[in-house]
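S.K.: Generate a structure from the sequence data that follows.
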Amino acid sequence: MSKRARRDWRKDDPEAAQEGRRYAHPLPSRSYLLELLGELGRPLGERELASLLGMSREEQSALGNRLAAMVRDGQLLRDRRGGYGLAERMDLVRGRVSGHADGFGFLLPEDGGDD
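M.R.: Numbers count the residues shown, from 1 in each chain. Just a heads-up that it's a prediction; the model follows:
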């Protein structure tokens, strides 16, 4: 799929009717956004996602709130360029940070690898 090809989320999202009953101004469901980002295979910014989905400025603002909630709930991660992506697709290491009083620290990976 081309990154510029618009998606009709109101037709493609299986949860669109439920979102329409729940909200006065429905948005793509969380599951639809996860599926879309998985298909695209790369992080997308809020503006790029809104454009891809053919959303208005008002809808884009609400989409930003939904994306922020998905980050808060651990469904998405936001990279330093502002793109939203699936955590399992990003090259990340899960672990615990061990800080030192001198101001430095180490990441202790959950899988037991080197810090």
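S.K.: can you tell me how far the spatially closest residue to residue 28 that is not a sequence neighbour sits from residue 106?
M.R.: Ranked by Cβ to Cβ, 6 or more residues apart in numbering and with sequence neighbours excluded, the top spatial neighbour of residue 28 is residue 9, at 4.3 Å. For every residue, glycine as well, the C-beta is placed using N, CA and C. Residue 9 sits 43 Å away from residue 106, going by Cβ to Cβ, to the nearest Å.
S.K.: Then residue 60?
M.R.: 40 Å.
S.K.: Comparing the two, which shows the higher neighbour count?
M.R.: Neighbour count, other Cβ atoms under 10 Å: between residue 60 and residue 106, residue 60 has more, with 16 against 13.
S.K.: can you pull the buried residues of the helix or strand where the more buried one lies?
M.R.: Under the criterion DSSP states H and E, the helix or strand holding residue 60 is helix 57-72. Across helix 57-72, burial judged by 16 or more other Cβ atoms under 10 Å covers 59, 60, 62, 63, 64, 66, 67, 70.
S.K.: Next: stretch 83-90.
M.R.: In stretch 83-90, counting by 16+ other Cβ under 10 Å, buried: 83, 84, 85, 86.
S.K.: ok, the third one - contacts?
M.R.: Going back to what we said before, that points to residue 85. 37, 42, 43, 44, 76, 77, 79 (Cβ atoms under 8 Å, 6 or more residues apart in numbering).
S.K.: what's the closest non-adjacent residue to residue 43?
M.R.: residue 83 (2.9 Å).
S.K.: Surely that neighbour and residue 40 touch.
M.R.: No: using Cβ atoms under 8 Å, residue 83 is not in contact with residue 40, being 10.5 Å away.
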